[in-house]
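Undergrad: fold the following for me, if possible:
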Amino acid sequence: MKRLRGFTLIEVLVAMAVFAVAALAVLNATGQHVNTLGVLEEKTFAAMVADNQLALLVLEGKALSSEKNGSSEMAGRKWYWTIKPTATADSMLRAIDVIVWQDETKRSSIVSVRTYVPAN
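TA: Next up is the predicted model:
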């Protein structure tokens with residue numbers, strides 16, 4: 001009797017199981033990558049909003065004495081921000097914090113940026 005050459009059913013099932021595990025790992029990694037890109041995009045736009053508010057504050061040239069709230073439009077979304085002046089140990093400098101939120105309830109900030117300006 002001639003012996004046929006080929007894969008047995010068990011070998012084929014094991015190969016399919018290995019492929020399935022590898023495919024699931026790739027799909028999982030791809031899903032995490034897509035989620036991370038969304039978060040990074042959100043943080044990037046929020047940082048741009050904060051930088052824009054700091055630039056406007058510097059261009060106004062006025063010393064900020066109290067907290068200022070507002071909203072801005074960027075990338076087709078509305079961003080909510082708060083500018084907080086803070087005294088520092090150095091009387092020559094004042095810290096300015098800009099905190100940016102995606103929603104109006106301001107539950108969880110996306111980004112917070114601090115800069116220092118001369119105290120007037």
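Undergrad: what about the strands in this protein?
TA: Ranges of strands in the chain, per DSSP state E, are 68-74, 77-87, 93-101, 111-118.
Undergrad: what about the longest one, distance to the chain center?
TA: A distance of 16 Å separates the centroid of the chain from that of strand 77-87, by Cα atoms, centre = their mean, to the nearest Å.
Undergrad: what is that strand packed up against?
TA: helix 9-60, strand 68-74, strand 93-101 (3 or more Cβ pairs under 8 Å, 6 or more residues apart in numbering; DSSP states H and E). Any C-beta I mention is one placed from the backbone N, CA and C, and that applies to glycine too.
Undergrad: contacting residues around it?
TA: Contacts with strand 77-87, where a contact means Cβ atoms under 8 Å, 6 or more residues apart in numbering, come from 45-46, 49-50, 53, 57, 64-73, 94-104, 106.
Undergrad: okay, buried residues for it please.
TA: Neighbour-count burial for strand 77-87, counted by 16 or more other Cβ atoms under 10 Å, picks out 79-85.
Undergrad: one more: the last one?
TA: Burial within strand 111-118, assessed by neighbour count using 16+ other Cβ under 10 Å, is assigned to 111, 113.
Undergrad: the most centrally placed residue in the chain and G6, how far apart?
TA: For the chain, the residue sitting closest to the mean C-alpha position, by Cα atoms, centre = their mean, is K43 at 2.7 Å. Noted for K43: a distance of 55 Å to G6, by Cβ to Cβ, to the nearest Å.
Undergrad: OK, contacts around I10?
TA: Contacts of I10 by Cβ under 8 Å, 6+ apart: none found.
Undergrad: which strands or helices does the lowest-mean-pLDDT helix or strand in the chain pack on?
TA: The weakest-scoring helix or strand in the chain, judged by mean pLDDT, DSSP states H and E, is strand 111-118 (a mean of 91). Packing contacts for strand 111-118, counted by 3+ Cβ pairs under 8 Å, 6+ apart, involve helix 9-60, strand 93-101.
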